[in-house]
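S.K.: give me coordinates for this.
(one chain, ligands or ions: 2)
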Amino acid sequence: MKLKTPFETSFGKTIDRHCILVKIVDEEGDVGWGEIPVDDVPYYHYETVETALYVAKKFLVPKLLEINVAEPKDFLNATSRIRGHVMAKAGFEMTLWDLLAKKKRKPLYELIGGARDRIVSGVSIGIIGNMESLLKAISRFLNEGYRRIKIKIKPGWDVKPVETIRKTFGDIPLQVDANAAYTLENFDIFKQLDEYDLLMVEQPLHYEDLAEHAELQSKIRTPICLDESIKNIYDTKAAVKLGSCRIINIKPARVGGISESIAIHNYALEHNIPVWIGGMLETGIGRGFQVAVATLPNVKYPNDISASNRYYEEDIVEPPWTLNSDGTITVPKKPGIGVEVLEERVEKYSRKILEFKSHV
Ligand code: OSB
Ligand code: MG
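M.R.: Numbering: from 1, shown residues only. Ligands and ions are numbered 1, 2, ... in the order given. Next up, the predicted model:
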């Protein structure tokens, strides 16, 4: 799917989004949908369209067809020997959640203990090297009602845009995301950013380096929020114990699905670490899972869950996700993720459709 505008981060530029959609039809004819929001290149995350497809075909689908699934965790247990490949797994786990919720005739958010009927939306703006265009984009998103602005930064594009945004828009809720582009040698940059009352600085250092994040956090006022570094509950515990962050960005697909998202959410809640829900430019299907998880009680900051029209000319769900004038998105009350998948559109955008059947 072609993005309305290219999305640039410290690791590269996305123009067309490729991903894998999962559809599961059970023996009673009930249907679940899910999304594996992989990219073509392993820059933000190590999995790609090709690796996820391989793992799905070779390991996940055969296992799924072999076992009895009453709940998503039956699938997780059956595939627990497969290390890594969390996004591929998550795509199936989430599909099973949608299916389960539909079978129970309940909205997904209710099934997972969600506690609100609207979620707060922020917007994530890629690197726009031209200041005037960046300010224009921010002004447009603020007018639409978005409740927080996040800009991507990289060495050479950090303090200056933040300073200019503060001068132009004053005290708006603002945060930056470095996507791991800095090292402790850049400490001076973080010292300068510390003066701008940012809500948080997201993933400043290497995606494996919890120790140096802890060191940086001890030296700046601005809360560090980890994104890439949080891959599961185990590194969540390590990050919290080490003091590597004060906020966590949970992306359901990045951590292996809904069950792991809930585990991270609950652990963070017990340790007074607020969370929010991030994204990877998901289609309307993946967005449904983000919205459901964003209803959990410890979600305390605006989410990277924007309306369909922030990303795509046309989404593949009906109704598309829309922003209320107060900068929220209403949580659907229909069963499952609560939006209908437009299969004709899915086919229109599909490059490849694979079908697998159980012979049991
Ligand atoms: O780091 O949060 C990120 C998009 C793709 C990959 C990584 C990130 C992002 C975003 C956009 O920031 C979030 C969204 O609006 O979906
Ligand atoms: Mg991020």
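S.K.: end to end on stretch 77-94, go ahead and measure it.
M.R.: Counting by C-alpha to C-alpha, to the nearest Å, you get 14 Å between the two ends of stretch 77-94.
S.K.: in it, what counts as buried?
M.R.: Of the residues in stretch 77-94, Ala78, Thr79, His85, Val86, Met87, Ala88, Lys89, Ala90, Gly91, Phe92, Glu93, Met94 count as buried by neighbour count, 16 or more other C-beta atoms under 10 Å. From N, CA and C alone the C-beta is placed, and that goes for glycine too.
S.K.: just checking, the second one touches Phe59?
M.R.: Yes: taking contacts as C-beta atoms under 8 Å, Thr79 lies within contact range of Phe59: 7.1 Å.
S.K.: spell out which parts of the stretch 201-350 of the chain neighbour ligand 2.
M.R.: Counting by C-beta under 5 Å from the ion, the stretch 201-350 of the chain comes close to ligand 2 at Glu202, Asp227.
S.K.: find the closest residue to ligand 1 in the stretch 201-350 of the chain.
M.R.: The minimum distance from the stretch 201-350 of the chain to ligand 1, using C-beta to the nearest ligand atom, falls at Gly279 (2.6 Å).
S.K.: can you get me a residue count around that residue?
M.R.: 20 (other C-beta atoms under 10 Å).
S.K.: spatially, what comes nearest to it if we skip its sequence neighbours?
M.R.: In space, and not counting its chain neighbours, Gly279 is closest to Asp304: 4.3 Å by C-beta to C-beta, 6 or more residues apart in numbering.
S.K.: also Asn309?
M.R.: Nearest residue to Asn309, sequence neighbours excluded (C-beta to C-beta, 6+ apart): Pro320, at 6.9 Å.
S.K.: for that neighbour, give me its contacts.
M.R.: Taking C-beta atoms under 8 Å, 6 or more residues apart in numbering, we find Pro320 in contact with Gly284, Ala307, Ser308, Asn309, Glu314.
S.K.: tell me the secondary structure at the residue nearest the centre of the chain.
M.R.: The C-alpha lying nearest the average C-alpha coordinate of the chain belongs to Gly279 (C-alpha atoms, centre = their mean; 2.4 Å). Under DSSP: H, G, I helix; E, B strand; the rest coil, Gly279 falls in the coil class.
S.K.: thinking again about what came up before, give me the phi and psi for the residue nearest to Asn309.
M.R.: Main-chain dihedrals, Pro320, degrees, to the nearest 10: phi -70, psi 160.
S.K.: and the gap between it and Tyr146?
M.R.: 16 Å (C-beta to C-beta, to the nearest Å).
S.K.: try Glu163
M.R.: 21 Å.
S.K.: repeat for Gly338
M.R.: For Gly338, the distance to Tyr146 equals 22 Å [C-beta to C-beta].
S.K.: who has more neighbours, those two?
M.R.: Tyr146 (25 against 21).
S.K.: ok so, going back, out of the buried residues of stretch 77-94, which comes closest to ligand 1?
M.R.: Nearest to ligand 1, judged by C-beta to the nearest ligand atom, of these is Met87 at 11.6 Å.
S.K.: which strand or helix spans the closest one?
M.R.: Per DSSP states H and E: Met87 is located in helix 86-103.
S.K.: output the contacting helices and strands for that helix.
M.R.: strand 20-25, strand 31-36, helix 49-55, helix 72-78, helix 108-111, helix 258-270, helix 284-293 (3 or more C-beta pairs under 8 Å, 6 or more residues apart in numbering; DSSP states H and E).
S.K.: any stretches of the chain with poor pLDDT?
M.R.: Low-confidence segments of the chain, defined by pLDDT under 70: 360.
S.K.: name the residues of it found near ligand 1, please.
M.R.: For the chain, the contact set with ligand 1 under C-beta under 6 Å from any ligand atom comprises Tyr44, Ser124, Asp177, Asn179, Asp227, Gly278, Gly279, Met280, Leu281, Asp304, Ser306.
S.K.: so the last one touches Ser121, yeah?
M.R.: Yes: applying C-beta under 8 Å as the test, Ser306 and Ser121 come out as touching, 5.7 Å apart.
S.K.: return every residue with contacts to both of the two.
M.R.: In terms of C-beta under 8 Å, 6+ apart, Ser306 and Ser121 are both contacted by the residues Tyr146, Leu323.
S.K.: helix/strand/coil for Cys225?
M.R.: strand.
S.K.: next one: Leu3
M.R.: Here Leu3 is strand, with the state taken from three-state DSSP.
S.K.: just the helices in this structure please.
M.R.: Remark: helices assigned in the chain by DSSP state H are 49-55, 61-66, 72-78, 86-103, 108-111, 131-144, 159-169, 187-193, 210-219, 233-242, 258-270, 284-293, 308-311, 343-349.
S.K.: what's the burial count for Asp188?
M.R.: Neighbour count for Asp188, taken as other C-beta under 10 Å: 9.
S.K.: what of Leu53?
M.R.: 17.
S.K.: grab the nearest non-local neighbour of it.
M.R.: Leaving aside its sequence neighbours, Leu53 sits nearest to Ile20 (C-beta to C-beta, 6+ apart; 6.4 Å).
S.K.: please apply the same query to Thr236.
M.R.: Thr236 sits nearest to Ile264 (C-beta to C-beta, 6+ apart), 4.9 Å away.
S.K.: residues in contact with the one you found?
M.R.: Residues counted as contacts of Ile264 (C-beta under 8 Å, 6+ apart) are Ile230, Asn232, Ile233, Thr236, Ile248, Ile250, Val255, Val275.
S.K.: distance check, the residue nearest to Leu53 against Lys231.
M.R.: Ile20 sits 19 Å away from Lys231, going by C-beta to C-beta.
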